[in-house]
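K.L.:
predicted model and sequence below, questions to follow.
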Amino acid sequence: MANLARDEGAALLDRFRRYLREHHQPVTRQRDLVAQMVLLSDEHQSVEEIRRRLLDRGEPVGTATVYRTLEVLLESGMVRAHDFGEGFKRYEPTPAQAHHEHLICERCGRVVEFQNERLERMLPIIADEHAFQHQRHRVEIYGVCRECRQRELIVSGVQR
């Protein structure tokens, strides 16, 4: 499964380079590095996380370059931006998979994607019950992940 995701990411990366050329924009090493960081990842990354990870790999890329590259990726439809109420956006490759929802940890910011057929079937029914025509939706469930709950139990002196 990871190889399939990697292959999809590589195909998106090729598509990004083609998009730049078709729109008469330069294909630069820094843009390519930012695109790789986003398109080859299954994480929801912030601008600062992208910049820091590139720096950790010995590839200093300016914050403005990260923002500009993400704008191009958004315009091309290869990346989606999410606002999880943290004061900044997180970015993920536009999935080849079916629609998915998000669980967001309010302590550490971890984002977990999930799909639920029952939820998908219920949303149009709920909309219909309220005389509302369902066109699209976004579900974000905020809470505390298992790791943070366990860490809090350890800190408070209670272990399971």
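P.N.:
Done, it's in. Numbering: from 1, shown residues only.
K.L.:
chain neighbours aside, what residue packs nearest to Val111?
P.N.:
Sequence neighbours aside, His44 is the residue nearest to Val111 in space, at 4.3 Å (criterion: Cβ to Cβ, 6 or more residues apart in numbering). Just so you know, the C-beta spots here come from the backbone N, C-alpha and C atoms, and that holds for glycine as well.
K.L.:
what do you get for Val139?
P.N.:
Nearest-residue entry for Val139: Glu101, 4.0 Å, with adjacent residues in sequence omitted and distances by Cβ to Cβ, 6+ apart.
K.L.:
what's the answer for Cys105, then?
P.N.:
Nearest non-adjacent residue to Cys105, counting by Cβ to Cβ, 6+ apart: Cys145, 4.0 Å away.
K.L.:
how about Ala10?
P.N.:
Nearest to Ala10 is Leu40, by Cβ to Cβ, 6+ apart, at 7.2 Å.
K.L.:
around that neighbour, count how many other residues there are.
P.N.:
Leu40 has 15 neighbouring residues, counting by other Cβ atoms under 10 Å.
K.L.:
returning to that earlier point: backbone dihedrals for the residue nearest to Val111, please?
P.N.:
With angles defined as degrees, to the nearest 10, His44 sits at phi -100, psi 100.
K.L.:
which parts of this protein are strands?
P.N.:
45-46, 79-83, 89-93, 101-105, 111-114, 140-143 (DSSP state E).
K.L.:
pull out the buried positions in the second one.
P.N.:
The reference is to strand 79-83. Within strand 79-83, the residues that qualify as buried are Val79, His82, counting by 16 or more other Cβ atoms under 10 Å.
K.L.:
could you give the angle of that strand to strand 89-93?
P.N.:
Angle, strand 79-83 to strand 89-93, by axes from the mean of the first three to the mean of the last three Cα atoms, to 10 degrees: 150 degrees.
K.L.:
got the angle between strand 79-83 and strand 101-105?
P.N.:
Orientation check (the same axes, to 10 degrees): strand 79-83 against strand 101-105 gives 50 degrees.
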